[in-house]
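Peer 1: Test case, fold it:
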Amino acid sequence: MDAYQRRHRWAGLPLAVVYKFVDDQGAYLTALITFYGFVSLFPLLLLLVTALGFALEGNPDLQQRVLDSALAQFPVLGDQIGANIYSFQGSILALATGVVGSLYGGLGVVQATQSALNKMWGVPRNSRPNPIAARVRSLALLAVGGAAVLVTTLLSAVTASGGVFGAGVRTAAILVAVAVNIVLFTVAFRVLTALPLTFAQVRTGAISAALVWQTLQWAGAFLLEHMLKGATATYGMFGIVLGLLTWIYLGALTFVLSAEINVVRERRLWPRSLLTPFTDNVELTAGDRRAYTSYAETERHKGFQNVDVDFDPPPRDDAD
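Peer 2: As a prediction, this is how the structure comes out:
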C-alpha cells in the first residue's frame with residue numbers, strides 16, 4: 001500500500017494533505033476559527049434586532065409587513081417579534097454592544113486564520129507581522145471579506161428559493177457566487193500569509209474552497225428555509241445553535257484543508273511514508289524530510305537564531 005500511494009499522485013497527494021493537517025494540529029486551528037466565528041454571529045444577530053427595533057418604532061405599516069413576512073416564522077427570533085412587534089424599540093446600548101462584539105469576533109476569526117496560514121506555510125515567528133500590523137491587515141480584510149460573504153449568502157438564498165426565481169436567474173446567481181468566493185479565498189490566502197504568494201500558488205485551494213463553501217451556503221439556506229422555519233422556540237433554539245456551530249466548523253475545516261492543499265503542492269511535501277505518524281522505525285521520504293524541516297524552522301523566534309535539522313538513520317529492530 002505504501003509503495004502504491006507513493007507512485008500514484010491521486011492517492012499520495014491527498015494522504016500528504018491529511019498528514020500535513022495532522023502535523024499542523026489542524027483540528028485545533030479549525031476549532032479556534034470556529035470559536036471566534038460563533039462569537040461574532042450572535043452580536044450580529046443583536047445588531048439585526050436593534051436595527052429592526054429602530055425601523056419598526058412608530059411605523060404600524062412596516063410592523064404589519066414584518067408580521068406577514070417569513071422573518072416572523074423563524075424560531076426564537078420570530079416568536080419574540082410576533083409577541084413584541086408593537087412595542088419593539090431600538091437600544092443604543094444594544095447597538096454599541098452588537099458593534100463591539102461583532103468587531104471582536106470578526107477580528108478574532110481573521111487573526112486565527114492568519115496564525116493558521118503562517119503555521120501551515122512554515123513562516124518563522126520572527127517573519128510574521130507584529131501585533132499591530134497584523135490587526136490592521138485583519139481589519140481591512142474583515143471589511144472586504146464580510147461584504148463578500150454577505151453577497152454570496154444572499155445569492156445562495158436566491159438559488160435555494162425553488163420556483164421563486166427563474167432557472168436563468170438561479171444559474172447566474174450560482175456562477176456569480178462561485179466567482180466571488182474564488183476571489184475572496186484567493187485574496188485571503190495571499191493577504192493573510194506573511195509570504196509573497198502568487199495566484200498560481202493558491203489557485204487550486206481557492207477553487208476547492210469556493211466550491212465547497214458554496215455548497216455549505218446552500219445547505220445553510222435550505223436549513224433555514226425548510227427545516228427551522230416554523231419550528232417551536234425550544235427546538236428552534238437548539239437547531240440554530242447546533243446548526244451554526246456545524247456550519248461554521250465545516251467552513252473553517254474547508255478553509256484549512258484547502259490551504260493545506262496549496263502548501264503540499266507548492267512545497268512538494270509528498271509522497272509521505274505511510275507509517276510516519278505511527279512509528280519511528282520508518283524510512284523517511286524526501287517529502288517527509290521537507291515537512292519535518294519546515295516544522296522546526298517555523299519555531300524560529302529571532303532573525304539571528306539558527307535552526308538546523310539533521311536526520312539520523314531510523315532505529316532497527318533486533319530481528320532485522
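Peer 1: for this protein, where's the lowest mean pLDDT among helices and strands?
Peer 2: Ranked by mean pLDDT, DSSP states H and E, the weakest helix or strand in the chain is helix 77-84, scoring a mean of 54.
Peer 1: which is the next helix or strand following it?
Peer 2: helix 92-120 (DSSP states H and E).
Peer 1: Which strands or helices does the host helix or strand of G145 pack on?
Peer 2: Using DSSP H and E, G145 maps to helix 131-159. Using 3 or more CB pairs under 8 Å, 6 or more residues apart in numbering; DSSP states H and E, the elements in contact with helix 131-159 are helix 92-120, helix 167-191, helix 199-222. Yep, even glycine has a C-beta here, placed from its N, CA and C like the rest.
Peer 1: Go through the ones you listed and name the closest to V307.
Peer 2: Ranking the helices and strands packed on helix 131-159 by proximity to V307 (CB to CB) places helix 92-120 first, at 15.3 Å.
Peer 1: Okay, buried residues for that closest one please.
Peer 2: 94-95, 98, 101-102, 105-120 (16 or more other CB atoms under 10 Å).
Peer 1: quick one: the residue most central in space within the chain from L245, how far?
Peer 2: Computing the C-alpha centroid of the chain and ranking residues by CA atoms, centre = their mean puts A252 first, at 3.0 Å. Remark: distance between A252 and L245 (CB to CB, to the nearest Å) = 11 Å.
Peer 1: Now the common contact residues for those two.
Peer 2: Common neighbours of A252 and L245 (criterion: CB atoms under 8 Å, 6 or more residues apart in numbering): T34.
Peer 1: The closest residue to Y4 other than its chain neighbours: neighbour count?
Peer 2: Distance criterion CB to CB, 6 or more residues apart in numbering; nearest residue to Y4, sequence neighbours excluded, is A11 at 6.7 Å. Counted with other CB atoms under 10 Å, residues neighbouring A11 total 15.
Peer 1: which SS state does A11 fall under?
Peer 2: Applying DSSP: H, G, I helix; E, B strand; the rest coil to A11 yields a three-state assignment of helix.
Peer 1: any idea which element L47 lies in?
Peer 2: Element membership for L47 (DSSP H and E) is helix 26-56.
Peer 1: and that helix, average pLDDT?
Peer 2: Mean pLDDT, helix 26-56: 83.
Peer 1: Off-centre distance for that helix?
Peer 2: Relative to its chain's centre, helix 26-56 lies at 14 Å (CA atoms, centre = their mean, to the nearest Å).
Peer 1: What's the separation between D23 and A296?
Peer 2: 12 Å.
Peer 1: between those two, which one's more packed in?
Peer 2: Neighbour count, other CB under 10 Å: between D23 and A296, D23 has more, with 18 against 12.
Peer 1: hang on, isn't V151 packed against V180?
Peer 2: Yes. V151 is in contact with V180 according to CB atoms under 8 Å; the separation is 6.0 Å.
Peer 1: which one of those two has more residues nearby?
Peer 2: Comparing V151 with V180 by other CB under 10 Å, the one with more neighbours is V180, at 18 against 15.
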